[in-house]
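Participant: Build the 3D model from these lines:
(2 chains)
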Amino acid sequence: MKSLLNRFPRVQEIIPVFAVIVFMVYAWSIISFLWVLPSWLNFMTPAEIASGFCYVLTLCLVESLSFLLLLLALCFILPSIILKNEFIVRGSALTVSVLGSLMLYFRSHPFFAQLNNSLYSFLLAALFVAILAAFLSTAIRGLRRFMNWISDRLIVFLYVLLPLTLLSIVVIVIRNVV
Amino acid sequence: MASISRRDFLKTALSLSAGATLFPLLSSIRDSVRKADGKPNIIIMVFDAMTARNLSLYGYPRKTTPNLERLAQRATVYHSHYSAGNFTTPGTASMLTGTYPWTHRAINIEGMVARKLADNNLFSYLQDDYYCTVFTQNFLAEVLLDQFAGSVDRHLVMSSFRDKPYRAALSSHFPNDPIVALQALDELMLGYDRSPASLVFGFIDRIYGAKARQSGGQPAGEYPYGLPDNYFSTFLNEAVYAGVLDEIRSLADGSAPFLGYFHLWSPHWPFAPRKEFVNTLPEIQLPEKPVHKLSENDLRKTRLKARRKAYDEYLLEVDFEIGRLVDALESDGILQNSYLILTSDHGEVFERGEWGHGYKLLYDPVIHIPLLVMAPGQQNRQDIYATTSNIDIVPTLLRIAGKQPPNKIEGRILPGFGGTDDPERSIFSLEAKENSSFGPLKKATVSMTKGDHKLIYYLGYEKYPDGFELYNLREDGDEMNDIFQRDAKTAARMKEELLDQLADKNNSIR
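Facilitator: Coordinates of the predicted model:
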């Protein structure tokens, strides 16, 4: 059991990477929410809008945890030297490159109807960029320092966003169960 | 944790059991009240993107609607019926509220009716007398039906009667909070006509969608062009119509009069008829129309021709299913006490380089829609040539239900059901999806049809600033000859009226 757990990074290493994930996932969603807010003001009551925001935050948490689980699964599967031993730097680099690529993709292909082969070409390109970013982040000293620094600084957002999300879950439960 | 006393427990238990007993009792009281005055049932069938211009019922050279022609022999047929919008959101909102898009403000894709007007809809007007059931396969109409949920007794979810899903419908897991969950999760987080607000799940949703759509779009046995789909799942028309028929039968078994609203996806794109309807229609020659300045597709003639052919074949299948459904309703005796309304939310275009709907052009094919009303036991055909709008549906149904249409409704009672043919009446259609829904109209296309003439106004487009076009529909049904300069008198009169209307509506929202 212990040897299995050893394949995962330590909690102190997981938290900074999780902070990067949370920052990117939540930022994109909150900005998207602010884009639709003016139209919602015209159609929904303030209480409904606040509840809508609760759904957004809750899905963001699920999304962030899913992405973290994916990284942890990679740690478990791959040899330690590839990801686990440099989890903060490479995990953050992977997060920034993958989620950043998704942001770029959605900027250029916003519509669901635009589904075509570009999706698969994008997947290949994003994979290549992610591997390159993970490699460069440890090879270039400045980049390594930056990744360590940014992941540490972003932890502050966990103190704001996670309690808000827990509150959101309570609101959703009340609206749907009670 | 605070302890509960025996007295509290008994009080709670009594309240709960009283509630449980009273709820069905109250429902049955409401049903018996609804039943009391023997009102006719109302069945509304909306066929998405069905233009009147491609129906042989209205003179189209391809025989696309033999069944509608047959049914028309016992119906009131409206020959000049217009949708107030050029895609589902404004068209459906107008039909269900009896108001123009510049009033209800559902003008954007996935838009809703302005909050202060949302309680003024067909279902809220009739809910005291009718058991209201709604179903749609169109996600834009679903947004509106969710908004009206408080006035509806039964709302069949969009995924009813579907085949294989290829999009997640996260809101279906929150049946007690449908509007907020739909807006926040399916519309915002997964996105459809905008980037999804969820990076990871939005992307997964699209990969899954791409894969499923690819397999749905492949020729599959009975479906040479691929399976029908509504951007969320594939479906089979025969299954959908069978499901709707079952639903109507169970409604007819109830004690209260019912209002059934069924908004079906076909013949909307992708045009996917069954094998038996493919290559059955002859080639036709239609006038060639030049590409418009505001055309967004600029499709070549050959592609337009191919799409028109597939659409016409799909119409043939839809017509077949309509015929089968109405025959079944008739043999069940349901039509003896029911009004059946067959119509669409907007049309479809295959001309001037444009294909589809929801673009900036408001030529007749995208707003001229069919309307047939079969009254209980009607045996003769009645043709109405007066210009009518789909905002007239609500006041007409209120009249049928014995109610007085409220003043806030902009529509009028249809001729043939108590209304009069007013040649001076102006009918408006609006395209303003790029305009803010809560601001004055600054970028829009407005069409005004009055008698034989139709004026189109293009407002705020860089490529065509303040453009006006005028057509005489009686002499030039294909809208080929712009007579705005030639018939200056009519043009000036109609232009003044349209600009006055627009200024009036813009002032009211400022």
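Participant: From chain A, how far off is B:G418?
Facilitator: Plainly put, B:G418 is 34 Å away from chain A if you go by C-beta to the nearest C-beta, to the nearest Å. Where you see a C-beta, it was placed from the backbone N, CA and C, and this is true even at glycine.
Participant: and the residue in the stretch 251-400 of chain B positioned nearest to chain A, what is it in contact with?
Facilitator: Minimum separation of the stretch 251-400 of chain B from chain A (C-beta to the nearest C-beta) falls at B:W269, amounting to 9.9 Å. When contacts are counted by C-beta atoms under 8 Å, 6 or more residues apart in numbering or on different chains, B:W269 is found next to B:49, B:356.
Participant: what about it, which SS state?
Facilitator: Look at B:W269: counting by DSSP: H, G, I helix; E, B strand; the rest coil, its state is coil.
Participant: Just the pLDDT for it.
Facilitator: Reading off the confidence values, B:W269 has pLDDT 93.
Participant: Same question for B:Q218.
Facilitator: Confidence score, pLDDT, at B:Q218: 65.
Participant: do B:R115 as well
Facilitator: For B:R115, pLDDT reads 86.
Participant: so it makes contact with A:M44?
Facilitator: Yes: the criterion here is C-beta atoms under 8 Å, and B:R115 meets it with A:M44 at 6.8 Å.
Participant: The two: which has the busier surroundings?
Facilitator: For the pair B:R115 and A:M44, the greater number of neighbours falls to A:M44 (22 against 16), based on other C-beta atoms under 10 Å in any protein chain shown.
Participant: quick one, what contacts the more buried one?
Facilitator: Counted by C-beta under 8 Å, 6+ apart, A:M44 has contacts A:52, B:112, B:115, B:179-180, B:183.
Participant: returning to what we had before: and the residue of the stretch 251-400 of chain B closest to chain A, how far is that from B:G416?
Facilitator: With distances taken as C-beta to C-beta, to the nearest Å, B:W269 is found 32 Å from B:G416.
Participant: just A:L119 next, same as before
Facilitator: A:L119 is 51 Å from B:G416, by C-beta to C-beta.
Participant: And for A:N85?
Facilitator: 81 Å.
Participant: before we move on, the earlier item: inside helices: which ones of the contacts of A:M44?
Facilitator: Applying DSSP state H to the contacts of A:M44, the entries found in helices are A:52, B:179-180.
Participant: so which of the residues you listed comes closest to B:E479?
Facilitator: B:I179 (39.4 Å; C-beta to C-beta).
Participant: is it true that that closest one touches B:D146?
Facilitator: Yes: using C-beta under 8 Å, B:I179 is in contact with B:D146, at 4.7 Å.
Participant: and the closest residue to A:T45 other than its chain neighbours, what is it in contact with?
Facilitator: Among residues not flanking A:T45 along the chain, B:R115 sits closest, at 7.0 Å (C-beta to C-beta, 6 or more residues apart in numbering or on different chains). Residues in contact with B:R115 (C-beta under 8 Å, 6+ apart) are A:42-45.
Participant: Tell me where the chain has strands.
Facilitator: Just going to use chain A. Counting by DSSP state E, chain A forms no strands at all.
Participant: actually it's chain B I care about, not the one you picked
Facilitator: Using DSSP E, strands in chain B cover B:41-47, B:76-82, B:131-136, B:154-156, B:258-264, B:338-343, B:349-351, B:354-356, B:371-374, B:382-389, B:426-431, B:444-450, B:453-459, B:467-472.
Participant: Tell me how many other residues crowd the nearest residue to B:A252 once chain neighbours are set aside.
Facilitator: Computed as C-beta to C-beta, 6+ apart, the closest residue to B:A252 that is not its neighbour in sequence is B:I334, at 4.8 Å. Neighbours of B:I334 under the rule other C-beta under 10 Å: 21.
Participant: what's near enough to touch B:T51?
Facilitator: Contacts for B:T51 (C-beta under 8 Å, 6+ apart) come out as B:344, B:347-349, B:365-366, B:368-369.
Participant: Out of these, which is nearest to B:N279?
Facilitator: Nearest member of those to B:N279, counting by C-beta to C-beta, is B:E348, at 20.3 Å.
Participant: wait, what's in contact with the closest one?
Facilitator: B:49-51, B:54, B:267, B:311, B:356-357, B:365-366.
Participant: quick one: low-confidence parts of chain A?
Facilitator: In the predicted model, chain A carries pLDDT under 70 at residues A:1, A:111-117.
Participant: just so I have it, where are all the helices in it?
Facilitator: So, for chain A - with DSSP H - the helices run A:2-5, A:11-43, A:46-77, A:87-108, A:118-139, A:141-153, A:155-176.
Participant: highest average neighbour count across the ones you listed?
Facilitator: helix A:87-108 (a mean of 21; mean count of other C-beta atoms under 10 Å in any protein chain shown).
Participant: got the contact list for that one?
Facilitator: Residues outside helix A:87-108 that contact it (C-beta under 8 Å, 6+ apart) are A:9, A:13-14, A:16-17, A:20-21, A:24-25, A:28, A:67, A:71, A:75, A:82-83, A:122, A:125-126, A:129-130, A:132-134, A:136-138, A:143-144, A:147-148, A:150-151, B:191, B:195-196, B:199-200, B:202-203.
Participant: ok, now which ones touch the closest residue in space to B:D482 that isn't next to it in sequence?
Facilitator: In this structure, B:D482 finds its nearest non-sequential neighbour in B:E469, 4.7 Å apart by C-beta to C-beta, 6+ apart. The contact partners of B:E469, by C-beta under 8 Å, 6+ apart, come to B:455-456, B:479, B:482, B:484.
Participant: The residue most central in space within chain A and A:F157, how far apart?
Facilitator: The residue lying closest to the centre of chain A (C-alpha atoms, centre = their mean) is A:I21, at 3.1 Å. Noted for A:I21: a distance of 10 Å to A:F157, by C-beta to C-beta.
Participant: Over to B:I393?
Facilitator: Taken as C-beta to C-beta, the span from B:I393 to A:F157 is 51 Å.
Participant: residues from the stretch 351-500 of chain B in reach of chain A?
Facilitator: With C-beta under 8 Å from any C-beta of the partner chain as the criterion, the stretch 351-500 of chain B meets chain A at residues B:436-438.
Participant: quick one, phi psi at the most centrally placed residue in chain B?
Facilitator: Geometric centre of chain B, nearest residue: B:D345, 2.9 Å, by C-alpha atoms, centre = their mean. For B:D345, the backbone dihedrals (degrees, to the nearest 10) come out as phi -90, psi -20.
Participant: dump the residue contacts of the closest residue to B:T103 other than its chain neighbours.
Facilitator: In space, and not counting its chain neighbours, B:T103 is closest to B:E410: 6.4 Å by C-beta to C-beta, 6+ apart. By C-beta under 8 Å, 6+ apart, B:E410 lies in contact with B:98-100, B:103, B:391.
Participant: same thing with A:L37?
Facilitator: With C-beta under 8 Å, 6+ apart, A:L37 has these contacts: A:I49.
Participant: run the last query once more with 10 Å
Facilitator: A:44, A:49, A:52-53 (C-beta atoms under 10 Å, 6 or more residues apart in numbering or on different chains).
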